[in-house]
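K.L.:
Below are the sequence and a predicted model; questions follow.
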Amino acid sequence: MIIDRYISRSIVRGTAGTLFVFAALFIFIDFVRQLEHIGTKDFGMMDAAAFVLLGLPKKLYELAPSIILLGGLISMGSMASNSELVVMRSSGITVSRIVRSVLQTGLMLAILVGLVGEFVVPNATSMAKSLRAAAMDDRVLVGGEHGLWARDGNRYFNVKMVMPDMQLDYLSIYELDGNRQLKRASTARRAYFEDGRWILKQVEHSEFTERGIKTTQSSEEEWPRLIKTDLFEVLKLEPEDMSAFSLKQYSDYLEENQLDTAVYLLAFWVKVFTPLACLVMLLIAMPLVFTATPRAGGVGQRVIVGLLLGVLFFVFNRAINHLGVVYGVMPVLSASIPLLTVTFITIYLIRRIR
């Protein structure tokens, strides 16, 4: 329907404009922060720019509900100021019909946010950390989609992913002899640092000798020395950097080993509910727009209201999340309480629109 396309275009334009402003602000601030590191080892201007751009998706994703709220307020507020919403209602289009159009657009934006959080943010964040470490630390050789390559003497390591708590997934170790010839190649499904030593799981060794290749396997090995942990400290992914799929897998692994899963399950449920929060935050703009008079305020006032609401939701959400971890509340509850609170408030305010 024409009205659906018109409202959708208006909201998308408003959200895109808001996204551009936030992106430009984050790029400027983060680039200024990196200026003091330019010149350290091989970390140059282009490395700083790449690091900032790769870190941008995470920041925008975390503020996605607030950005969509602000975009909705600006776009729908502009329609209200131009009396377009009054004309729509005068022509027989009900509030519920307009809300339905907004919901359709919000659902599209929510799906997009979910895809960014699941696929773009983890990969971009990992690449950013690897790139910066490779430029500032001689031990790091390559980072990116093929994992991290690092060196320690005559040992070369490839790690597909550095998980929290100093855990390495899909580790490969290549050892050279004095003539720089490969003498042994080892692989491990998982490695973690515990009590000053490395524990490797599902290990396979291939030793290269003049007689041929000898292969051995073991379910677990203890290595007193593998690689210095300070290298992985700057590369490890925090829970909020991981995809929902990875968080669920890692939580299951911790549960199998009777370890605390609260932080990672909370991050998982936050990932699940973030797209829904975007949808609800867009809807909360509706009662604010409909209850204002056509000429009341301007873009500046709507921007201030949107920023205040966005900040309040962000702080409220983070506070409830952290309090849930401290007091042992079920992660699904501490992640959903802020969303449910805003949803009930939004439904109540929309039902009061006349």
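P.N.:
Arrived safely, thanks for sending.

K.L.:
Which positions within the longest helix along the chain qualify as buried?
P.N.:
Secondary structure of the chain per DSSP state H: the longest helix is helix 2-34. Going by neighbour count (16 or more other Cβ atoms under 10 Å), the buried part of helix 2-34 is 7-8, 10-11, 14-15, 18-19, 22-23, 26-27, 30-31, 34. (Each C-beta comes from the backbone N, C-alpha and C, glycine too.)

K.L.:
any weak-confidence spans in this structure?
P.N.:
Scanning the chain with the threshold set as pLDDT under 70 gives 137-147, 230-235, 292-300, 354.

K.L.:
any idea how it splits into domains?
P.N.:
2-135+243-351, 140-227 (automatic domain parsing).

K.L.:
can you give me phi and psi for residue 189?
P.N.:
Residue 189 adopts backbone torsions of phi -70, psi -40, taken as degrees, to the nearest 10.

K.L.:
how far away is it from residue 161?
P.N.:
12 Å (Cβ to Cβ, to the nearest Å).

K.L.:
Give me the common contacts of the two.
P.N.:
Counting by Cβ atoms under 8 Å, 6 or more residues apart in numbering, the residues touching both residue 189 and residue 161 are 169, 170.

K.L.:
okay, those two: which has more neighbours?
P.N.:
Taking residue 189 and residue 161 together and counting by other Cβ atoms under 10 Å, residue 161 has the greater number of neighbours (19 against 14).

K.L.:
which SS state does that one fall under?
P.N.:
Look at residue 161: counting by DSSP: H, G, I helix; E, B strand; the rest coil, its state is strand.

K.L.:
what sits against it?
P.N.:
Neighbouring residues of residue 161 by Cβ under 8 Å, 6+ apart: 126, 147, 168, 169, 170, 237, 246.

K.L.:
which of those residues lies closest to residue 114?
P.N.:
Nearest to residue 114 among those: residue 246, at 14.8 Å, using Cβ to Cβ.

K.L.:
Which helix or which strand is home to that closest one?
P.N.:
Secondary structure assignment for residue 246, by DSSP states H and E: helix 244-256.

K.L.:
Run through the neighbouring helices and strands of that helix.
P.N.:
In terms of contacts (3 or more Cβ pairs under 8 Å, 6 or more residues apart in numbering; DSSP states H and E), helix 244-256 is packed against helix 262-283.

K.L.:
Extract the CA atoms of the helix it packs on and return them as PDB.
P.N.:
Only the C-alpha atoms of helix 262-283 are listed here, as PDB (Å, rounded to 0.1, in the frame of the first residue of the first chain):
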ATOM      1  CA  ALA A 262      26.000 -16.400  33.900                       C
ATOM      2  CA  VAL A 263      28.000 -13.800  32.000                       C
ATOM      3  CA  TYR A 264      27.900 -15.700  28.700                       C
ATOM      4  CA  LEU A 265      24.300 -16.700  28.900                       C
ATOM      5  CA  LEU A 266      23.400 -13.000  29.700                       C
ATOM      6  CA  ALA A 267      25.400 -11.900  26.600                       C
ATOM      7  CA  PHE A 268      23.500 -14.500  24.600                       C
ATOM      8  CA  TRP A 269      20.100 -13.400  25.700                       C
ATOM      9  CA  VAL A 270      21.100  -9.700  25.200                       C
ATOM     10  CA  LYS A 271      22.000 -10.600  21.600                       C
ATOM     11  CA  VAL A 272      18.600 -12.300  21.200                       C
ATOM     12  CA  PHE A 273      16.600  -9.400  22.600                       C
ATOM     13  CA  THR A 274      18.500  -6.500  21.000                       C
ATOM     14  CA  PRO A 275      16.600  -6.700  17.600                       C
ATOM     15  CA  LEU A 276      13.300  -6.800  19.600                       C
ATOM     16  CA  ALA A 277      14.500  -3.800  21.600                       C
ATOM     17  CA  CYS A 278      15.000  -1.900  18.300                       C
ATOM     18  CA  LEU A 279      11.400  -2.600  17.300                       C
ATOM     19  CA  VAL A 280      10.000  -1.500  20.700                       C
ATOM     20  CA  MET A 281      12.100   1.600  20.800                       C
ATOM     21  CA  LEU A 282      10.700   2.600  17.400                       C
ATOM     22  CA  LEU A 283       7.200   2.100  18.600                       C
END
